[in-house]
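K.L.:
Could you work out the structure for the sequence below:
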Amino acid sequence: ILRSLLDEAIATAANKQSNDNDSRQPSDPLSYFPPAMAFHSFTGVSEHVTRILELETALYDHMKVPTEERRPICYFGFSHLINFIMCSSEKSARKGRDAIRAIPLDRILVESDVPTSEDMRLGTAGSIAFIASVREMS
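P.N.:
Residues are numbered from 1 along each chain as shown. This next block holds a predicted model:
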C-alpha cells in the first residue's frame, strides 16, 4: 500500500502544474506525505520494517536528497499490552521481537496503550522494559 502511495505521489508530482492555490513544489513527492509517519502498536514482521525503510530511502533517492540531509520519516510504536501481553503464540512473539531488532533505535516509539490514565505510567514502563529486553539493553 505504501509503495503504491509513493508511486502515485511521484507520478502526481511529476505531472502537477504549479498554481497559486498549491504551495507544494510540483517535483516534490515528499510534500504529498506528512512530515513523519508513526506506525501505532506495530505488529508487522522484520520484512515489513525493511520494506517501509526501503520506501523511505526510495523517496529520498527519487528526490536526490543527499544522505546527510535525510531525516527519519517512519517511526514504529510498541506497547506492552499489544506487542507483549496479547501476543498469542511463540511464533508471533518471535517475529515481533525480530521486527523490533530490525528497527533503528531512533525510530522506536514506546506507547502505554492502556484504557485509563491511571495505568499510563505502568503501561509505558512495561513498554520500555519490553523494548529494552528485546534489544538487550540494561
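
K.L.:
all contacts plus neighbour counts: C-alpha atoms, from now on.
P.N.:
Fine.

K.L.:
G77: what secondary structure?
P.N.:
With DSSP: H, G, I helix; E, B strand; the rest coil as the basis, G77 sits in strand.

K.L.:
Tell me the spacing between it and S31.
P.N.:
Applying C-alpha to C-alpha, to the nearest Å, the value for G77 to S31 is 23 Å.

K.L.:
more neighbours, these two?
P.N.:
Between G77 and S31, G77 has the larger neighbour count (other C-alpha atoms under 10 Å), namely 19 against 14.

K.L.:
Look at that one and report its pLDDT.
P.N.:
G77 is assigned a predicted lDDT (pLDDT) of 94.

K.L.:
I'd assumed S41 was in contact with it.
P.N.:
Yes. Assessed by C-alpha atoms under 8 Å, G77 is found in contact with S41 at 5.0 Å.

K.L.:
In the protein, what residue spans correspond to helices?
P.N.:
With DSSP state H, the ranges of helices along the chain come out as 2-15, 46-63, 80, 90-102, 120-134.

K.L.:
got those as a markdown table, with mean pLDDT and distance to D113 columns?
P.N.:
A markdown table is the format used below for the helices of the chain (pLDDT from 0 to 100; distance: least, C-alpha to C-alpha, whole Å):
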| stretch | mean pLDDT | distance to D113 |
| --- | --- | --- |
| helix 2-15 | 71 | 25 |
| helix 46-63 | 91 | 21 |
| helix 80 | 79 | 8 |
| helix 90-102 | 92 | 17 |
| helix 120-134 | 90 | 7 |
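
K.L.:
Deepest-packed of those helices, please.
P.N.:
The highest mean neighbour count among the helices of the chain, using mean count of other C-alpha atoms under 10 Å, belongs to helix 80: a mean of 25.

K.L.:
Residues contacting that helix, please?
P.N.:
Contact partners of helix 80, identified using C-alpha atoms under 8 Å, 6 or more residues apart in numbering, comprise E111, S112, D113, G123, T124, G126, S127, F130.

K.L.:
Now do it: distance to the chain's middle.
P.N.:
From the chain centre to the centre of helix 80 is a distance of 17 Å (C-alpha atoms, centre = their mean, to the nearest Å).

K.L.:
what's V110 in contact with, if anything?
P.N.:
V110 sits in contact with G77, F78, S79, T124, S127, I128, I131, where contact means C-alpha under 8 Å, 6+ apart.
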